[in-house]
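Undergrad: quick one: sequence and predicted model below, then my questions.
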Amino acid sequence: MKIDAVGGLRETESVPGIPRDDHGPVFRAPWEGQAFAIALALHERGMFTWSEWAATLGEEIKRAQAAGDAGTGATYYLHWLAALERLVVQKGLMSAEGLGRYRDAWDRAAHRTPHGQPIELSADDFF
């Protein structure tokens with residue numbers, strides 16, 4: 001999946017490490033593009049600056065490398081997601097408990113969904 005570097009996406013050129021080609025960011029899986037889009041949307045709404053984002057992402061990458069991440073780029077969007085979750089909690093957009101609740105619900109929904117089908121959350125996933 002690719003997103004062309006237009007509009008606000010040009011700003012991401014200042015964020016180091018984004019896997020990209022000549023047309024902009026490149027994603028290995030849909031969730032990576034979704035995490036990218038959420039971070040971009042929150043930035044565009046003024047929830048954090050790119051400087052805050054870059055610092056938080058850098059800290060998450062350093063933390064992962066200190067824990068043994070090889071830094072090959074294969075886990076880049078895992079660090080992106082960790083930075084996104086951290087900023088969402090720091091900025092009071094959602095609590096850590098709320099994020100955990102949604103993560104658990106998503107895991108339950110994914111577990112019951114046949115491969116290749118869209119994952120849909122239901123009220124039962126939040127028990």
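TA: Good, I have the coordinates.

Undergrad: CA atoms for contacts and neighbours, from now on please.
TA: Will do.

Undergrad: in the chain, which helix or strand is least confident?
TA: Counting by mean pLDDT, DSSP states H and E, the chain has its least confident helix or strand at strand 20-21, which shows a mean of 78.

Undergrad: parallel or antiparallel, list what pairs with the next helix or strand after that one.
TA: Next helix or strand after strand 20-21 toward the C-terminus (DSSP states H and E): strand 24-25. Next to strand 24-25 in the sheet, as set by DSSP bridges, lie strand 20-21 (antiparallel).

Undergrad: what residues does the strand it pairs with touch?
TA: Applying Cα atoms under 8 Å, 6 or more residues apart in numbering, the contact partners of strand 20-21 are residue 26.

Undergrad: any weak-confidence spans in the protein?
TA: Low-confidence segments of the chain, defined by pLDDT under 70: 1-17.

Undergrad: so residue 61 makes contact with residue 77?
TA: No: contact between residue 61 and residue 77 fails when scored by Cα atoms under 8 Å: they sit 10.0 Å apart.

Undergrad: how far is the strand or helix carrying residue 58 from where the chain is centred?
TA: Using DSSP H and E, residue 58 sits within helix 50-66. Relative to the chain's own centre, helix 50-66 is displaced by 13 Å; criterion: Cα atoms, centre = their mean, to the nearest Å.

Undergrad: would you mark the buried spots in it?
TA: Judged by neighbour count using 16 or more other Cα atoms under 10 Å, the buried positions of helix 50-66 are 50, 53, 54, 56, 57, 58, 60, 61, 64.

Undergrad: hmm, back to that, tell me the gap between the least confident helix or strand of the chain and the middle of its chain.
TA: Remark: strand 20-21 is offset 17 Å from the chain centroid, using Cα atoms, centre = their mean.
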